[in-house]
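# kindly generate the corresponding structure for this input.
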Amino acid sequence: MKNKSYIAAMSVSLSVLLTACQHTQTSKPEAATTTPMAAPAAPAAPAAMTAPVAASIPASADEIIVDNANPGFKSEGTWTADAGGNDFKDGSVWATSTSAGDAANTATWTPDIKTAGTYDVYEWHGDDPNSDHATKAPFTVKSDDGTKTIMVNLQTNAGKWNLLGTFNFAAGNGGNVSLSSSGADGNVLADAVKFVPHH
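Got it, this is the predicted structure:
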């Protein structure tokens, strides 16, 4: 009886041991878990470059423009509205040349000078589609410096300001610019005159 009990106990122990071994071999190890690393942040894009902004220069508050349609403009003789193009704002007028001794066609631009001083004086004339404008149009500037006549070629430099010269003016309307058809070698064109002060 003793041997049988011993053998039975051994059988049970061996069975338990075999079962434990089988469980150990068939059990799968737990999968290792890892925490994913965050992707590095993308570098910031460089700031876009912008082109420099050109600073605009405002027109002088003291600048004076006398157009042929303004109160400061006066014409005498026979003048006709011009349609040549590139006139300053309100068009222009033209007159035929006259010989010395004949009644001249004249145009005068008189500014109202608020501040006495030195001014650059410019004239503006339009296009010459028929090539019959004067190449020697006499513009006369009356200022504190006296009276000076400048010959202007009206067949070139149309549609822009053309410098007549630099002159000193007293305050008021004692100075002016005039254009005459007398002695001109072609038609004369009266449009606009600008006075720009020195500062």
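# confidence score at K89?
For K89, the model assigns a pLDDT of 88.
# from here on, call the first residue 17.
Yep, numbering from 17; the last one is K105 now.
# that one contacts V82, doesn't it?
No. In this structure K105 lies outside contact range of V82 using C-beta atoms under 8 Å: 11.4 Å. (Glycine included, C-beta is placed from N, CA and C.)
# more neighbours: which of those two?
Between K105 and V82, V82 has the larger neighbour count (other C-beta atoms under 10 Å), namely 20 against 13.
# who are the packing partners of the helix or strand where that one lies?
According to DSSP states H and E, V82 maps onto strand 80-83. Under the contact definition 3 or more C-beta pairs under 8 Å, 6 or more residues apart in numbering; DSSP states H and E, strand 80-83 sits against strand 208-213.
# just checking: what are the partner strands of the strand it packs on?
Using DSSP bridges, the strands paired with strand 208-213 are strand 80-83 (antiparallel), strand 133-140 (antiparallel).
# run through this protein and note the low-pLDDT ranges.
Residue ranges of the chain with pLDDT under 70: 17-77.
# can you pull out the helices in this protein?
18-42 (DSSP state H).
# now do the strands in it.
Counting by DSSP state E, the chain has strands at residues 80-83, 89-92, 96-97, 109-111, 122-125, 133-140, 153-159, 162-168, 177-185, 192-196, 204-206, 208-213.
# partners of the third one in the sheet?
Spelled out, it's strand 96-97. Next to strand 96-97 in the sheet, as set by DSSP bridges, lie strand 109-111 (antiparallel).
# contacts only, for A132.
The contact partners of A132, taken as C-beta atoms under 8 Å, 6 or more residues apart in numbering, are 184-187.
# mind checking which of these are buried?
Using 16 or more other C-beta atoms under 10 Å as the burial test, the contacts of A132 include F185 as buried.
# looking at the contacts of A132, spot the one nearest V137.
Nearest to V137 among the contacts of A132 is F185, at 8.9 Å by C-beta to C-beta.
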